[in-house]
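K.L.:
What follows is a predicted protein model with its sequence.
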Amino acid sequence: MSGDGDDTKLVRGGRRPEWTRGIVNPPVWRASTILFDSVAQMRAAYPPEDGRLHYGRNGTPTQWALAEALTELEPGAAGTRLFPSGVAAVTTALLSVLKSDDELLMADSVYAPTRAFCDTVLQRMGVSTRYYDPLAGAGIAELIGPATRAIFMESPGSLTFEVQDVPAICAVARERGLVTLLDNTWATPRLFPAIAAGIDLSILACTKYVVGHSDAMLGSVTSTAPHWPALCETSRMLGQHVSPDDAWLGSRGLRTLGVRLRQHGASALRIARWLAEQPQVARVLHPALPGGPGHDIWQRDFKGASGLFAFVLRGGGEAERARLIDGLKHFGIGYSWGGFESLALPIDPQRVRTIRQPDAEGPMVRLHIGLEDPEDLIADLAAALAAYPHQN
Ligand SMILES: Cc1ncc(COP(=O)(O)O)c(C=O)c1O
């Protein structure tokens with residue numbers, strides 16, 4: 001498939017004729033027991049690997065097809081493992097590289113449940129976590145000590161959208177023999193092929209843009225060759241498995257990822273620019289807007305922007321923010337993002353950050369811009385903002 005364009009890879013990936021038998025989208029193969037003709041054939045199916053039926057937990061062509069399609073999006077990758085959620089992908093990737101007495105460098109802007117895992121399970125295992133400024137870039141070298149084993153990035157960061165200098169951090173890590181992991185959920189490999197940028201383990205909450213319709217939970221980790229055996233072993237030992245129905249929804253969503261991301265990205269940027277001009281809005285946190293943290297790096301490294309960003313209100317408090325969000329007609333109030341429907345969420349990154357606090361003149365709101373007409377969304381936001389206590 002090398003040489004194919006990005007959208008062509010999304011359409012063609014993983015659809016091997018021996019898995020699809022001519023059916024366009026790889027169908028659902030459900031299984032626990034798989035029957036063999038003989039003991040010899042059963043023994044020959046060991047060790048389990050994608051492409052060879054062995055036992056349900058090791059997958060069927062439905063899961064293999066999605067994993068292969070995701071691998072093809074990451075030039076330089078050895079393979080992809082699927083997980084029942086984005087959090088399961090993050091935690092298993094971390095467990096595959098860390099052991100007791102190791103230190104992990106973790107971006108301060110990381111998704112809060114990733115942080116919680118470090119501060120609970122990893123801490124109990126004897127792994128210490130040191131949080132770092134997501135804008136550290138090559139300066140991360142100063143934080144590396146004798147016990148440091150891995151650097152985890154998330155770019156742009158959750159809630160505050162700092163864009164990290166992934167190539168610079170990876171160059172330092174390679175020089176010092178450290179493993180690099182990236183939560184690449186915001187961009188997906190369609191907008192940022194992470195392995196080509198130097199990342200060892202590229203993680204997606206496929207629940208968001210890959211599935212794309214808010215109706216399934218799914219995660220993935222795509223790995224380079226040196227880290228692939230440990231990733232496979234750890235996920236097998238933990239019994240990680242994805243239902244073929246959910247993998248099928250992932251494959252189905254993947255085919256339209258390119259066109260959906262273009263629409264999410266264009267509408268979100270239009271709305272972000274409009275919001276930046278409203279007197280009730282103190283600042284908009286969107287990687288594609290000049291002046292934002294890491295905007296120049298986004299411009300250098302990314303092929304586009306997706307639909308998730310945040311804004312800071314000028315003044316007001318919890319009650320005013322809640323009224324503003326409650327008053328929106330076209331934005332659902334709920335967790336997650338990446339689906340076709342727009343969502344609004346009150347966010348308070350200050351509560352969890354320990355290294356880099358956001359500049360916040362007032363309460364913050366995160367928006368996911370869906371596939372509705374952007375004019376409808378702007379009209380909705382305009383009406384809600386008009387009722388917001390206006391402070392100059
Ligand atoms: C950046 C990021 N990573 C990981 C996750 C976790 O994904 P899941 O909800 O599928 O566990 C989320 C969920 O919101 C997320 O925003």
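P.N.:
Perfect, I can see it now.

K.L.:
which residues in the protein form strands?
P.N.:
For the chain, the strands defined by DSSP state E occupy 79-83, 103-107, 128-132, 148-154, 179-183, 201-204, 219-223, 281-285, 308-313, 332-333, 343-347, 364-368.

K.L.:
So for the chain, the centremost residue is which one?
P.N.:
Centroid-nearest residue in the chain: Thr185, 1.5 Å away (criterion: Cα atoms, centre = their mean).

K.L.:
Settle this for me: it is touching Leu204, isn't it.
P.N.:
Yes - contact criterion Cβ atoms under 8 Å: Thr185 and Leu204 qualify, at 5.5 Å. (Each C-beta comes from the backbone N, C-alpha and C, glycine too.)

K.L.:
sorry, back to before: quick one, which of the strands of the chain is packed in tightest?
P.N.:
The highest mean neighbour count among the strands of the chain, using mean count of other Cβ atoms under 10 Å, belongs to strand 201-204: a mean of 30.

K.L.:
so how many other residues sit close to the residue nearest to Val259 when sequence neighbours are not counted?
P.N.:
Excluding the flanking residues, the one nearest Val259 by Cβ to Cβ, 6 or more residues apart in numbering is Asp7, at 7.4 Å. If you count neighbours by other Cβ atoms under 10 Å, Asp7 ends up with 16.

K.L.:
So what's the predicted local confidence for Asp7?
P.N.:
pLDDT recorded at Asp7 is 97.

K.L.:
go on, Asn392?
P.N.:
For Asn392, the model assigns a pLDDT of 56.

K.L.:
who touches the residue nearest to Leu53 when sequence neighbours are not counted in this structure?
P.N.:
Distances taken as Cβ to Cβ, 6+ apart put Ile34 closest to Leu53, at 4.7 Å, once the chain neighbours are dropped. Taking Cβ atoms under 8 Å, 6 or more residues apart in numbering, we find Ile34 in contact with 45, 53-56.

K.L.:
quick one: the helices in the stretch 251-392 of the chain?
P.N.:
Taking DSSP state H, counting those that start in this stretch, the helices of the stretch 251-392 of the chain run over residues 257-276, 295-301, 318-326, 374-386.

K.L.:
need the contact list for Gln240.
P.N.:
81-84, 88, 92.

K.L.:
Next: Asp376.
P.N.:
By Cβ under 8 Å, 6+ apart, the neighbours of Asp376 are His330.

K.L.:
what's the spacing between it and Gly338?
P.N.:
20 Å (Cβ to Cβ, to the nearest Å).

K.L.:
Quick check: most distant residue from the centroid of the protein.
P.N.:
What lies farthest from the middle of the chain is Ser38; by Cα atoms, centre = their mean that is 43.0 Å.

K.L.:
Narrow the contacts of Ile34 to just the buried residues.
P.N.:
Among the contacts of Ile34, those classed as buried by 16 or more other Cβ atoms under 10 Å are 53-54, 56.

K.L.:
re the thing from before, same list (the strands of the chain) but as a markdown table, adding mean pLDDT and distance to Arg190.
P.N.:
What follows is the strands of the chain, written out as a markdown table (pLDDT from 0 to 100; distance: least, Cβ to Cβ, whole Å):
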| stretch | mean pLDDT | distance to Arg190 |
| --- | --- | --- |
| strand 79-83 | 98 | 14 |
| strand 103-107 | 98 | 22 |
| strand 128-132 | 98 | 27 |
| strand 148-154 | 99 | 17 |
| strand 179-183 | 99 | 15 |
| strand 201-204 | 99 | 11 |
| strand 219-223 | 99 | 13 |
| strand 281-285 | 97 | 22 |
| strand 308-313 | 98 | 15 |
| strand 332-333 | 98 | 24 |
| strand 343-347 | 98 | 21 |
| strand 364-368 | 98 | 17 |
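
K.L.:
pLDDT below threshold where in this protein?
P.N.:
Of all residues in the chain, those with pLDDT under 70 make up the ranges 1-2, 390-392.

K.L.:
need the residues of it near the ligand, please.
P.N.:
Contact residues, the chain versus the ligand (Cβ under 6 Å from any ligand atom): 85-87, 111, 154, 158, 183, 185, 205, 207, 217, 219, 336.

K.L.:
if you set the cut-off to 5 Å instead, what comes out?
P.N.:
85-87, 111, 183, 185, 205, 207 (Cβ under 5 Å from any ligand atom).

K.L.:
ok and the residue in the protein nearest the ligand?
P.N.:
Nearest to the ligand in the chain, going by Cβ to the nearest ligand atom, is Gly86, at a distance of 2.3 Å.

K.L.:
which residue sits closest to that residue, ignoring its sequence neighbours?
P.N.:
In space, Gly86 is closest to Ala205, 2.4 Å off (Cβ to Cβ, 6+ apart).

K.L.:
which residues does that neighbour contact?
P.N.:
By Cβ under 8 Å, 6+ apart, the contact list for Ala205 reads 85-87, 89, 183, 185, 218-219, 338.

K.L.:
How about Pro363?
P.N.:
The neighbours of Pro363, taking Cβ under 8 Å, 6+ apart as the test, are 312-313, 316-318, 320-321, 346, 348.

K.L.:
mind running it again at 6 Å?
P.N.:
For Pro363, the contact set (Cβ atoms under 6 Å, 6 or more residues apart in numbering) comprises 313, 321.

K.L.:
Repeat that for Thr114.
P.N.:
By Cβ under 6 Å, 6+ apart, the contact set of Thr114 is Val90.

K.L.:
buried sites along stretch 122-142?
P.N.:
By neighbour count on 16+ other Cβ under 10 Å, the buried set for stretch 122-142 is 122, 127-137, 140.

K.L.:
I am finished for the moment; much appreciated.
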